[in-house]
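1. sharing a model that was predicted from the sequence below.
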Amino acid sequence: MRSQQLHKAKENTESTAETVPLTEEERAAQIEGQNAARLLESQDSQEPSTSDEKPKKANPIYWKRNLSKYLRNRGEAYESKNKIVEAKRLKPPCNDQCRLKCLEKIPEPERLKIFKEYWGLGDLHMQWTYIKERIDPIQAVFVNITRKTRRELNQAFHMIVKGEKIRVCKTFFLNTLDITPWVIRSVVAKKTPTGEIKKDMRGKHTNRIIPPQIKDDIRKHIRSLPRETDEEGREHIACWKSKADIYIDYKQTCIKEQKQYGNYHTYVYIIRTEFSSLHFDNGAPKRKRNTKATTTKATTAKAAAAKAATAKAATAEAATAKAATAETTMAKAATAEAATAKAATAEAATTEAATT
Ligand SMILES: [Zn+2]
């Protein structure tokens with residue numbers, strides 16, 4: 001039990017490969033970790049590296065951690081928090097009082113084979129799946145509702161020997177694999193309705209309770225996004241943004257409205273579980289991009305044509321107006337000129353008359 005808790009604590013400090021973007025704190029922590037590792041690395045190396053071609057030095061922190069994880073998943077002794085966690089070993093079977101007569105059905109050499117088979121998997125997810133395949137819920141005729149642990153108590157345990165599923169007692173099951181009841185509880189809890197084991201999400205903050213208001217706001221935001229249907233009839237977000245872009249929009253809206261907002265995981269989780277038919281442009285498939293380009297081009301062309309037409313019409317009108325004005329001006333000017341000329345002639349005539 002204790003070692004399992006240690007495992008859990010250890011697991012929490014580790015981060016396995018994840019595809020979802022990190023939050024700011026997570027990224028900061030990662031950078032800090034990298035810096036610490038770099039510092040350690042530089043202290044470790046006797047000479048400063050001068051050549052770029054020198055292969056990158058193994059990171060001692062990660063190396064040690066990975067080794068521990070590797071050993072732990074294989075049931076071998078490993079170091080955790082400066083303590084040695086003992087290696088897994090085949091524990092004694094159930095006694096001869098067992099109703100199921102487990103040892104008669106599965107003798108010691110078979111047990112050892114099973115033990116090696118299980119720890120040889122060396123992968124937590126595969127081990128959980130292994131256990132899941134060997135546990136069946138018992139359909140209880142009478143269910144004691146007041147008993148909180150009823151799910152745990154109503155399990156039938158099996159071992160598979162040469163393709164044959166053999167029912168065994170819980171003690172035999174746990175001691176053959178050298179696992180704790182905690183592992184069983186964990187597997188049972190992670191069993192989905194379809195019977196698949198959920199991915200190991202330890203240390204990934206999935207147990208946080210998200211306020212319903214935040215969830216509602218996320219749903220509202222997703223529903224408010226403009227939609228578009230592509231050639232294949234799939235519904236897309238009309239702005240062709242990625243989930244991350246849309247999340248940023250959502251977060252900014254919440255900040256503007258001084259509302260609490262959910263994190264990216266929650267946002268994506270709601271999309272995946274409640275809006276699964278909706279497609280987001282993650283920037284990858286070319287087909288989508290082409291559709292996008294065509295749509296945009298078509299729209300642009302149409303808009304341009306419309307603009308041009310309007311512009312032409314406006315110009316024509318303006319030209320006409322101008323022409324009219326010009327004509328009037330010219331006519332006026334002509335009249336004025338004529339008048340001046342007349343006046344001048346008259347003046348000239350007067351002057352001439354005066355001189356004679
Ligand atoms: Zn037994």
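-> Looks like it came in fine.
2. and residue 250, how many residues sit next to it?
-> Using other CB atoms under 10 Å, residue 250 has 21 other residues around it. Yep, even glycine has a C-beta here, placed from its N, CA and C like the rest.
3. same check, this time on residue 160
-> So residue 160, with other CB under 10 Å, has 13 neighbours.
4. can you list the buried residues in the longest strand seen in the chain?
-> Looking across the chain with DSSP state E, the single longest strand is strand 155-161. By neighbour count on 16 or more other CB atoms under 10 Å, the buried set for strand 155-161 is 155, 156, 157, 159.
5. let's have those residues in a markdown table, adding distance to residue 109 and pLDDT.
-> As requested, the buried residues of strand 155-161 are exported to a markdown table (distance: CB to CB, whole Å; pLDDT from 0 to 100):
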| residue | distance to residue 109 | pLDDT |
| --- | --- | --- |
| 155 | 26 | 86 |
| 156 | 24 | 92 |
| 157 | 20 | 95 |
| 159 | 13 | 95 |
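6. wait, which of those residues is closest to the ion?
-> Closest approach between these and the ion, by CB to the ion: residue 157, at 9.0 Å.
7. what's near enough to touch the closest one?
-> Residue 157 makes contact with 134, 135, 167, 168, 169, 170, 172, 173, according to CB atoms under 8 Å, 6 or more residues apart in numbering.
8. now it: how far from residue 82?
-> Counting by CB to CB, to the nearest Å, the separation of residue 157 from residue 82 is 36 Å.
9. follow-up on the earlier one: quick one: is the helix or strand just after the longest strand of the chain near the ion?
-> Of the helices and strands lying after strand 155-161 in sequence (DSSP states H and E), the nearest is strand 164-168. No: Strand 164-168 stays clear of the ion (CB under 5 Å from the ion), getting no nearer than 5.7 Å.
10. on that earlier part again, show the buried residues in the contacts of residue 157.
-> Buried by 16+ other CB under 10 Å: 134, 135, 168, 169, 170, 172, 173, out of the contacts of residue 157.
11. how about CSV for those residues, with pLDDT and secondary structure added?
-> CSV is the format used below for the buried ones among the contacts of residue 157 (pLDDT from 0 to 100; DSSP: H, G, I helix; E, B strand; the rest coil):
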residue, pLDDT, secondary structure
134, 93, coil
135, 92, strand
168, 96, strand
169, 95, coil
170, 94, helix
172, 97, helix
173, 97, helix
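12. list just the nearest of those to residue 226.
-> Here the nearest of these to residue 226, counting by CB to CB, is residue 135; it sits at 47.5 Å.
13. for the closest one, what are its contacts?
-> 155, 156, 157, 158, 184, 187, 188.
14. please name the bridge partners of residue 155.
-> As for beta bridges, residue 155 partners with residue 137 under DSSP bridges.
15. mind jotting down where the helices sit in the chain?
-> 2-13, 24-44, 60-73, 102-105, 108-120, 124-133, 150-153, 170-177, 181-189, 212-224, 243-256, 264-274, 286-355 (DSSP state H).
16. so for the fifth one, what's the average pLDDT?
-> By that I understand helix 108-120. What helix 108-120 shows for mean pLDDT is 94.
17. buried stuff in stretch 238-248?
-> For stretch 238-248, burial by neighbour count (16+ other CB under 10 Å) applies to 240, 241, 243, 246, 247.
18. give me the distance between the two termini of that stretch.
-> 16 Å (CA to CA, to the nearest Å).
19. what about residue 242, distance to residue 279?
-> Computed as CB to CB, the residue 242 to residue 279 distance reads 11 Å.
20. up against the ion, what does the stretch 101-250 of the chain have?
-> 102, 169, 172.
21. right, and residue 255 touches residue 261 too?
-> Yes: counting by CB atoms under 8 Å, residue 261 is a contact partner of residue 255 at 7.2 Å.
22. what's around residue 280, how many residues?
-> Residue 280: 19 neighbours (other CB under 10 Å).
23. touching, it and residue 243? I think so.
-> Yes: using CB under 8 Å, residue 280 makes contact with residue 243 at a distance of 4.9 Å.
24. what's the overlap in contacts for the two?
-> With contacts defined as CB under 8 Å, 6+ apart, the residues shared by residue 280 and residue 243 are residue 271.
25. which one of the buried residues of stretch 238-248 sits closest to residue 110?
-> Distances from residue 110 to the buried residues of stretch 238-248, taken by CB to CB, are shortest for residue 243, at 49.7 Å.
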